[in-house]
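A.B. asks: can't give you the sequence, but here's the structure:
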Ligand SMILES: Cc1ncc(COP(=O)(O)O)c(C=O)c1O
């Protein structure tokens, strides 16, 4: 008889269980907020990327309703066919405006998700023309990049014959060495701006200098920085004071997501207009998928207005300060991070899972992040803070952690 597929996959699942690696879904019955109803239980949550608390903002939900009244429910087709609505077009103009001080001749392209934006950007940039199959990109990829960047790089390696070199976390010396040793004139550096499981920030200014020195393009994934970093909260380029009148900034391809600080969903790339136009022509995750509903784009126009109000950001940064001042860990390690991502490294998978479970018994939800998402032996609680957490809610988590650590 044929192979027992069911038994094979059941064994694999059991193996995941044995390693404490099986992921389980929790069902939320309420809107994204610090207090949510999860599987019928009221819980205090520190796990979303809704850093500014906009996901359940009345003005944003109002804008979505208005968007539905104006444009109906679905887009009906992909952007390249008939799905590109004026709301998408307006949104792209406004998104381009957010990066206009940093990137010259900037144009923005809206995607349904950040995952798709990264795939399109990397494979698009690595499509160097069919006439001459000898042209290929060398990609220099940060070790701790998000899975969507990694997958984009893997795809480009297969599909576009790109060469891939991975450099260690924050190791600019090694990156410089790799860049200097590579004779290929086509080079692309790929990095997260804020590392999603660590919360630390890439040295964008120094990376840009290296990109200039070796004439490379640089793709910056600012999923966790757009709306948060910099004087105006416009993201990593704002924070590092990159200027569009410096011709060097034309080599930047910026990716921002809209499902985190912006509180809704989607993503965009912003770059010099020819680069964006090429990514649009070649990006299969842009071309071969239904455009997201125009009401989402209409809602995102409201998100951008709300993100421009500095008090949301200020409240978040007050909360981060409060948390860092009051959390006193003895055995576990709070990672050095100035962003809303405040991970606590516990160590083994089983221990991290156990701490998360003990918090869960107190109706506090913090996710345990384990390999392969993070390195072996560095399983952690990924605490994320939002502008809408109160000090008393943050205290509740701090007190619970202190007590659990004491008895651990
Ligand atoms: C660094 C980073 N890049 C890209 C993404 C993908 O964005 P999206 O959730 O919009 O697909 C995420 C998170 O999901 C992320 O953390």
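C.D. replies: Nice, thanks for sending it over. As the structure is a computational prediction, the values presented were derived from the model and not from experiment. Residues are numbered from 1 along each chain as shown.
A.B. asks: my guess is residue 327 contacts residue 405. True?
C.D. replies: No - the pair residue 327 / residue 405 is not scored as a contact, 10.2 Å apart, by CB atoms under 8 Å. Any C-beta I mention is one placed from the backbone N, CA and C, and that applies to glycine too.
A.B. asks: now for the residue of the chain found nearest the ligand: which residues touch it?
C.D. replies: When distances are taken as CB to the nearest ligand atom, the chain reaches nearest to the ligand at residue 114, 2.3 Å away. Residue 114 makes contacts with 148, 221, 223, 255, 257, 259, 267, as judged by CB atoms under 8 Å, 6 or more residues apart in numbering.
A.B. asks: dump those residues to CSV, plus neighbour count and secondary structure.
C.D. replies: Below are the contacts of residue 114 laid out as CSV (neighbours: other CB atoms under 10 Å; DSSP: H, G, I helix; E, B strand; the rest coil):
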residue, neighbour count, secondary structure
148, 23, helix
221, 33, strand
223, 26, coil
255, 29, strand
257, 27, strand
259, 17, coil
267, 29, strand
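A.B. asks: need those residues in a markdown table with pLDDT and distance to residue 118, can you?
C.D. replies: Formatted as a markdown table, those follow (pLDDT from 0 to 100; distance: CB to CB, whole Å):
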| residue | pLDDT | distance to residue 118 |
| --- | --- | --- |
| 148 | 98 | 4 |
| 221 | 98 | 6 |
| 223 | 98 | 9 |
| 255 | 98 | 6 |
| 257 | 98 | 10 |
| 259 | 98 | 13 |
| 267 | 98 | 8 |
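A.B. asks: what about the ligand: which of these touch it?
C.D. replies: For the ligand, the contacts drawn from these by CB under 6 Å from any ligand atom are 148, 221, 223, 257, 259, 267.
A.B. asks: up against the ligand, what does the stretch 101-250 of the chain have?
C.D. replies: 113-115, 118, 146, 148, 192, 196, 221, 223-224.
A.B. asks: farthest-apart pair in those, please.
C.D. replies: The largest separation in those, counting by CB to CB, is between 113 and 192 at 16.0 Å.
A.B. asks: more neighbours: which of those two?
C.D. replies: Ranked by neighbour count (other CB atoms under 10 Å), residue 113 and residue 192 place residue 192 first, with 26 against 18.
A.B. asks: my read is that the more buried one contacts residue 144, right?
C.D. replies: Yes - under the criterion of CB under 8 Å, residue 192 makes contact with residue 144 at 6.9 Å.
A.B. asks: where exactly do the strands run in the stretch 301-408 of the chain?
C.D. replies: 333-334, 341-347, 364-365, 368-369, 379-384 (DSSP state E, counting those that start in this stretch).
A.B. asks: can you tell me which of these the model trusts least?
C.D. replies: Of all those, strand 368-369 carries the lowest average pLDDT, namely a mean of 93.
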